[in-house]
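Q: using only what follows, build the 3D model:
(one chain, ligands or ions: 2)
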Amino acid sequence: MSRAILSLGSNLGDRYAYLKDAVARLGESVVLVSGVYETPPWGDADQPAYLNAVVLAVDPAAEPAGWLERVRAVEAAAGRVRDPQRRFGPRTLDVDVIAVWRDDGAPVLSDDPELTLPHPRVHQRAFVLKPWLDLQPYAQLPGYGWVTDLLNTPELTADANALTPRPDLPLESQE
Ligand SMILES: Nc1ncnc2c1ncn2[C@@H]1O[C@H](COP(=O)(O)OP(=O)(O)OP(=O)(O)O)[C@@H](O)[C@H]1O
Ligand SMILES: Nc1nc2c(c(=O)[nH]1)N=C(CO)CN2
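A: Ligands and ions are numbered 1, 2, ... in the order given. Presented below is the predicted three-dimensional model:
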């Protein structure tokens with residue numbers, strides 16, 4: 001059994017449709033879905049704004065590597081398009097494995113370049129940390145501590161303030 005925080009991002013094409021499709025493809029493993037935020041591009045300023053969200057997924061059978069396979073499949077199914085010359089450039093859909101915990105609550109730590117856990121840049125990304133807090137107000141990022149404390153650091157406060165909630169774009173069922 002493992003649970004995972006996964007991040008979703010899109011800044012090309014029908015961004016909202018890509019996020020909805022990603023949640024649908026992740027299927028029954030998704031137990032919590034954050035709100036959607038409109039976010040200024042991070043890491044490469046010359047590109048359109050993103051829509052970002054975060055999900056908590058649980059799967060009794062999933063090994064840590066299984067989450068990477070799953071997010072790659074979701075990206076492929078969405079016909080992921082991106083410019084290989086631009087590391088942090090635009091894309092139809094990006095799904096990252098942010099952190100994974102085992103059944104006993106222990107975080108999975110990995111420095112494997114194929115699957116680095118926690119995600120090596122997440123502590124710098126308000127566009128992931130803020131939606132994550134929507135799901136888990138007491139979230140802790142393994143190796144870094146409370147997510148709320150990270151968001152309150154001077155490095156991230158301005159980025160966090162620049163995120164715009166988009167309650168008009170729900171990912172959860174409205175029934
Ligand atoms: N925690 C992780 N989540 C997703 N991919 C990872 C992770 N750790 C390592 N990788 C590897 O990174 C490679 C590139 O991933 P991807 O194309 O999503 O990067 P990126 O979106 O350009 O940058 P970033 O990961 O900073 O968002 C993947 O093929 C994957 O094997
Ligand atoms: N706001 C925002 N910026 C980004 C994002 C993202 O999802 N949201 N993903 C990137 C890919 O590495 C690069 N920059």
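Q: show me which residues of the protein are close to ligand 2?
A: Where the chain comes near ligand 2, counting by C-beta under 6 Å from any ligand atom, the residues are 9, 39-43, 50, 52, 88, 94, 127. Using the backbone N, CA and C atoms, a C-beta is placed for each residue, glycine as well.
Q: can I get those residues in TSV including pLDDT, secondary structure and neighbour count?
A: Listed next are those as TSV, based on pLDDT from 0 to 100; DSSP: H, G, I helix; E, B strand; the rest coil; neighbours: other C-beta atoms under 10 Å:
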residue	pLDDT	secondary structure	neighbour count
Gly9	97	strand	26
Thr39	98	strand	24
Pro40	98	coil	15
Pro41	97	coil	17
Trp42	97	coil	19
Gly43	95	coil	12
Tyr50	98	strand	23
Asn52	98	strand	28
Phe88	93	coil	14
Asp94	96	strand	21
Phe127	98	helix	24
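Q: report the two of those residues separated the most.
A: The span of the residues of the chain next to ligand 2, defined through C-beta to C-beta, is set by Pro40 and Asp94 at 15.5 Å.
Q: hmm, who's touching the helix-or-strand element of the chain with minimal mean pLDDT?
A: Sorting the helices and strands of the chain by mean pLDDT, DSSP states H and E puts helix 64-77 at the bottom, at a mean of 93. With contacts defined as C-beta atoms under 8 Å, 6 or more residues apart in numbering, helix 64-77 is touched by 2, 4, 6, 21-22, 25-26, 29, 57, 59, 62, 93-97, 100, 108, 110, 114-115, 117.
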